[in-house]
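Trainee: What follows is a protein structure lacking sequence information:
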């Protein structure tokens, strides 16, 4: 499903194991409790998406737009978010053991992410 237009869809609890969603538009989608593990989601658009308790373990979200995404209690264990835009994203109480957030975009007004520091608007491992 590379480049799929899934904007605003209600996909609560969906299972997309090893899905290819590279470049997909999921802007404003409701993906709470979704299992999107080991998926390819590079350069995907998740702006304003609800990812509450979503599991994206070992997935690639490199370069993705996660602006204002609601990612509370999401599981990003082992995920690659290199260069993703997390500006305004709610990212607290989430799992991120082994996740790569190097170069993610964040605003100085956004809450800090434990183990990472903001340098010139981009996250670096602390």
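Mentor: Structure's in. What do you need? Just so we're clear, the structure is a prediction, and the values are computed from it rather than from any experiment. Residues are numbered from 1 along each chain as shown.
Trainee: Give the full set of residues in contact with residue 43.
Mentor: 22, 23, 62, 63, 64 (CB atoms under 8 Å, 6 or more residues apart in numbering). Just so you know, the C-beta spots here come from the backbone N, C-alpha and C atoms, and that holds for glycine as well.
Trainee: residues in contact with the fourth one?
Mentor: Residues touching residue 63, when contacts are defined by CB under 8 Å, 6+ apart, comprise 42, 43, 82, 83, 84.
Trainee: Show me which of those residues is closest to residue 56.
Mentor: residue 84 (11.3 Å; CB to CB).
Trainee: Skipping adjacent residues, who's closest to the closest one in space?
Mentor: Take residue 84 and drop its neighbours on the chain: the residue closest to it by CB to CB, 6 or more residues apart in numbering is residue 64, 4.6 Å away.
Trainee: ok, now residue 82?
Mentor: Computed as CB to CB, 6+ apart, the closest residue to residue 82 that is not its neighbour in sequence is residue 62, at 4.4 Å.
Trainee: Near the one you found, how many other residues are there?
Mentor: 21 (other CB atoms under 10 Å).
Trainee: quick one, what contacts it?
Mentor: 42, 43, 80, 81, 82, 83, 84.
Trainee: Can you tell me the SS state at the second one?
Mentor: With DSSP: H, G, I helix; E, B strand; the rest coil as the basis, the three-state label of residue 43 is coil.
Trainee: separation between it and residue 72?
Mentor: As for residue 43, its distance to residue 72 is 24 Å (criterion: CB to CB, to the nearest Å).
Trainee: same question, residue 120
Mentor: To residue 72, residue 120 is 27 Å away according to CB to CB.
Trainee: In this protein, what residue spans correspond to helices?
Mentor: Along the chain, counting by DSSP state H, no stretch forms helices.
Trainee: so where is it shaky, pLDDT-wise?
Mentor: For the chain, the stretches with pLDDT under 70 are 1-9.
Trainee: so which of the contacts of residue 63 comes closest to residue 125?
Mentor: Set against residue 125, the nearest of the contacts of residue 63 by CB to CB is residue 82 (11.7 Å).
Trainee: list the contacts for the closest one?
Mentor: 62, 63, 100, 101, 102, 103, 104.
Trainee: Would you show me how to pick out the buried ones of these in ChimeraX?
Mentor: This is how ChimeraX selects the buried members of the contacts of residue 82, with burial counted by 16 or more other CB atoms under 10 Å:
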select :62,63,100,101,102,104
